[in-house]
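Visitor: Need coordinates for the below:
(one chain, ligands or ions: 1)
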Amino acid sequence: MPSSPNHDALQTLLGRYSVGPKHLLEPGPSNEELALMVAAALRAPDHGELLPFRFKRVAGEARQRMADLFAAAARAAGKDEAGAAMDAERALRPPLTVAVVARIDLGHPQVPAHEQWACVGGALSNFLNAAHCLGYGGKMLSGAKVRDPGITAAFCSPGEILLGWIALGTPAKRASGPSRKGGVEQALQDWG
Ligand SMILES: Cc1cc2nc3c(=O)[nH]c(=O)nc-3n(C[C@H](O)[C@H](O)[C@H](O)COP(=O)(O)O)c2cc1C
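Guide: Predicted coordinates for the structure are as follows:
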């Protein structure tokens, strides 16, 4: 492979895998590190500079409030108290959780919704890559609770969509290998 000043950075990116909450320990990213991760997210291609995403930090006491919301959503979905407690635990386990909210302008005259979603995805990837570069593990999580009315009201302004939450922390173990099915051969095809 040709060597270039950014080759090490690319090798680092090629080693990013999601790390689930079970394997995330303290410490989580500091505020300064979180700001760097958001700065990386802001480097996602953004047609029209619409900024179709927001990140919402859930730290400190807010984690308990989110846990209460998760438990309420679980009960509303018909889960018993053990299930509600398990869902509440999901909010409390990661050292840091960051909600990802999309604001898609459906009536935009130049930038259709799918281009705005592409930006949201790029921002999410850049965010996770930055966390990885800083030595943190993370995983994007959603589930049916992103559509729970109490939860969406708590995280979203009218017109916004809650994509889910990024769980962040120090990885307890190195991610063990590629999770992708298929690979470059599948994802890269000749055209024409
Ligand atoms: C918007 C979004 C929501 C997701 N929600 C979940 C989820 O609720 N549970 C889950 O196990 N994986 C979820 N995933 C997938 C994981 O975040 C992760 O990408 C997947 O496990 C593949 O791991 P990798 O990132 O190491 O390739 C979601 C991914 C995205 C982009």
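Visitor: any weak-confidence spans in the chain?
Guide: 1-4, 175-182 (pLDDT under 70).
Visitor: Starting from the top strand by length along the chain, tell me which strands it pairs with and how they run.
Guide: Using DSSP state E to define each element, the chain has its longest strand at strand 161-171. With DSSP bridges as the test, strand 161-171 is paired with strand 24-25 (antiparallel), strand 96-102 (antiparallel), strand 137-141 (antiparallel).
Visitor: So is it next to the ligand?
Guide: Yes. Applying C-beta under 6 Å from any ligand atom, one finds strand 161-171 touching the ligand at 163-164. Any C-beta I mention is one placed from the backbone N, CA and C, and that applies to glycine too.
Visitor: Output that strand as PDB, restricted to C-alpha atoms.
Guide: Extracted as PDB, the C-alpha positions of strand 161-171 are listed here (Å, rounded to 0.1, in the frame of the first residue of the first chain):
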ATOM      1  CA  ILE A 161     -37.200  12.700  14.300                       C
ATOM      2  CA  LEU A 162     -35.400  10.800  17.000                       C
ATOM      3  CA  LEU A 163     -33.000   8.500  15.300                       C
ATOM      4  CA  GLY A 164     -31.800   6.900  18.600                       C
ATOM      5  CA  TRP A 165     -28.900   7.100  21.000                       C
ATOM      6  CA  ILE A 166     -25.100   6.700  20.800                       C
ATOM      7  CA  ALA A 167     -23.800   4.800  23.900                       C
ATOM      8  CA  LEU A 168     -20.200   5.900  24.600                       C
ATOM      9  CA  GLY A 169     -17.500   4.800  27.000                       C
ATOM     10  CA  THR A 170     -14.100   3.200  27.300                       C
ATOM     11  CA  PRO A 171     -14.200  -0.200  25.600                       C
END
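Visitor: I'm done for today, thanks for sticking with me.
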